[in-house]
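Novice: The following comprises the amino acid sequence and a computationally predicted model.
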Amino acid sequence: MIDVAIVGAGPAGLSAAIELRRRGVGRVVVFERELFAGGIPRHSAHLGYGARDMHRITTGPRYAALLTRRAEKAGVEIEVGRSVTDFAQLSARAVLLATGVRERPRSARLVPGDRPAGVLTTGSLQQFATLHHQRVGNRAVVVGAEHVSFSAVLTLAHTGCRVAAMVTALPHHQTYPLLRLATAGRHRVPIHTGVDIAEIVGRTRVEAVVLTDGRRIACDTVVFTGDWIPDHELARAGGLPMLLVAKAPIVDASWHTQQQGVFAIGNLIHPAETADVCALDGRAVAEHVIDWLTVGSWPAAVAAVEVAAPIQWAATSAIGVTFRVDEFVTGSVAASNGSELLHQTKRKKWIPNRAYHLPRLRDCRQLTFKR
């Protein structure tokens, strides 16, 4: 029998497997639907991986390869090309869900118009560029203006595709000023704020996009970025209670789900954190998985952290309570356990599409916002 079955061979799943083996757990098997382990970093060729978990900065493919080698050296069994459709059928003493996150494609965003070739997400763009070394087009429009959107600008530039514009429905971009300067600024990409894509035009190939303010931008490629949604289908099929706003399974501060023996970590529960935060989730959950294997105790109830607008949702991560807001707003965030105030931030500006963290707090039950 498998001691721990892990679904997903990204940074969270591989790091959990490595730590479990390091702590003496017998048989640890990681199931991965792709043909190679490593997750999204495999096709993210830019620097920025490994800071918190490896204390070094490297590229995505090198980071993914190093995690995979460490897992194999630790004796982890990695089964690639294996899709798990029902975790209840896994013959394992504990199940760890680390299925990650994806961007919402055009279909999920209900963008009308023609259905031509040339419509991508950042993930598919990176696979074309990094894994297959293919050029995707000549002139692109990037939909979104958060961190990953500006990364897409660099990827497009590396493939020889000029970015005609970035488009966001929000009133401002949502990334760091330095990242904006190094990407959109460097490549002289205009950022159109307060507008969205009203229509995609083109018969066989994208020819243009029409914005909600009536402007038309000629292009042959459209890249939808961000707007993250967890790969939650397996969790839902297993009957796990879900956090509806984030589309993520509900977990407590130790990553227990409502179902005994089933844990959930990484970007499945906090869409979307950086790879190193997910890796730290994997390391941290190992202690609680071992407690289940040895002691067999499980919480009677697992509840989500309650939030109030403009906070969208909150979830546990290895570096604290992770949360996001849904608008540009100024104020302070308070964490409490009923009537007991556990932590309160300073008054500051908060930006949507960014992950914010509070310290790891004992029994945090509510997050409230004071404008």
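Specialist: That came through fine. Numbering: from 1, shown residues only.
Novice: hey, let's count contacts and neighbours off CA atoms from now on
Specialist: Noted.
Novice: ok, now which ones touch the closest residue to G144 other than its chain neighbours?
Specialist: Nearest residue to G144 in three dimensions, chain neighbours excluded: T168, at 4.8 Å (CA to CA, 6 or more residues apart in numbering). Under the criterion of CA atoms under 8 Å, 6 or more residues apart in numbering, the neighbours of T168 are 143-145, 191-196.
Novice: wait, doesn't T159 sit right on Q127?
Specialist: No: between T159 and Q127 there is no contact under CA atoms under 8 Å: 11.8 Å.
Novice: which one's the longest helix in this protein?
Specialist: helix 275-294 (DSSP state H).
Novice: Quick check: next helix or strand after that one?
Specialist: Moving toward the C-terminus from helix 275-294, the first helix or strand encountered (DSSP states H and E) is strand 306-307.
Novice: So the residue nearest to G144 versus I197, what's the distance?
Specialist: Spatial separation of T168 from I197 under the definition CA to CA, to the nearest Å is 9 Å.
Novice: what residues do the two have in common as contacts?
Specialist: Going by CA under 8 Å, 6+ apart, residues that sit against T168 and also against I197 are V143.
Novice: ok, the residue nearest to G144 to T159 distance?
Specialist: Counting by CA to CA, the separation of T168 from T159 is 23 Å.
Novice: residue nearest the centroid of the chain?
Specialist: Within the chain, the residue whose C-alpha comes closest to the C-alpha centroid is A272; the distance, by CA atoms, centre = their mean, is 2.7 Å.
Novice: What residue spans form the domains of the protein?
Specialist: Under the assignment named as automatic domain parsing, the residue ranges that make up the domains of the chain are 2-103+228-294, 106-224, 306-370.
Novice: tell me which element the residue nearest to the centre of the chain is part of?
Specialist: Since the elements are taken from DSSP H and E, A272 ends up inside neither a helix nor a strand.
Novice: Now do the contacts for it.
Specialist: Contacts for A272 (CA under 8 Å, 6+ apart) come out as 101, 228, 355.
Novice: and those, which of them are in strands?
Specialist: Using DSSP state E to define strands, the subset of the contacts of A272 located there is 101, 228.
Novice: Quick check: the residue lying closest to A92 once chain neighbours are set aside vs V321, distance?
Specialist: Nearest-residue entry for A92: I2, 4.6 Å, with adjacent residues in sequence omitted and distances by CA to CA, 6+ apart. Separation of I2 from V321 (CA to CA): 31 Å.
Novice: if you count what's nearby, which of those two comes out ahead?
Specialist: The residue with the greater number of neighbours, taking I2 and V321 and applying other CA atoms under 10 Å, is V321; the counts read 21 against 14.
Novice: what residues are up against the more buried one?
Specialist: If a contact means CA under 8 Å, 6+ apart, then V321 has 314-315, 357-361 as its contacts.
Novice: pLDDT on the helix or strand hosting it, on average?
Specialist: For V321, the host element (DSSP H and E) is strand 320-325. Along strand 320-325, the predicted confidence averages to a pLDDT of 96.
Novice: Can you list the strands that that strand pairs with?
Specialist: In the sheet containing strand 320-325, its partner strands are strand 311-317 (antiparallel), strand 356-358 (antiparallel), by DSSP bridges.
Novice: With just CA atoms, put that strand into CSV.
Specialist: The C-alpha coordinates for strand 320-325 follow below in CSV (Å, rounded to 0.1, in the frame of the first residue of the first chain):
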residue,chain,number,x,y,z
GLY,A,320,1.1,33.1,6.9
VAL,A,321,-2.5,33.9,6.1
THR,A,322,-2.7,34.8,2.4
PHE,A,323,-5.5,37.0,1.1
ARG,A,324,-6.5,39.2,-1.8
VAL,A,325,-8.6,42.3,-2.3
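Novice: For V201, name its beta-bridge partners.
Specialist: With DSSP bridges applied, V201 shows beta-bridge pairing to A208.
Novice: okay, it: pLDDT?
Specialist: Taken from the predicted model, the pLDDT recorded for V201 is 98.
Novice: can you count the residues close to it?
Specialist: If we define neighbours as other CA under 10 Å, then V201 has 22 of them.
Novice: Could you measure from it over to A218?
Specialist: In this structure, V201 and A218 are separated by 9 Å, where distance is defined by CA to CA.
Novice: between the two, what contacts are shared?
Specialist: Overlap between the contact sets of V201 and A218, as judged by CA under 8 Å, 6+ apart, is given by 207-209.
Novice: In TSV: those residues, plus neighbour count and distance to T68.
Specialist: As requested, the shared contacts of V201 and A218 are arranged in TSV below (neighbours: other CA atoms under 10 Å; distance: CA to CA, whole Å):
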residue	neighbour count	distance to T68
E207	20	41
A208	20	41
V209	25	41
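Novice: so can I have TSV of those residues showing pLDDT and distance to G26?
Specialist: What follows is these, written out as TSV (pLDDT from 0 to 100; distance: CA to CA, whole Å):
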residue	pLDDT	distance to G26
E207	98	56
A208	98	56
V209	98	55
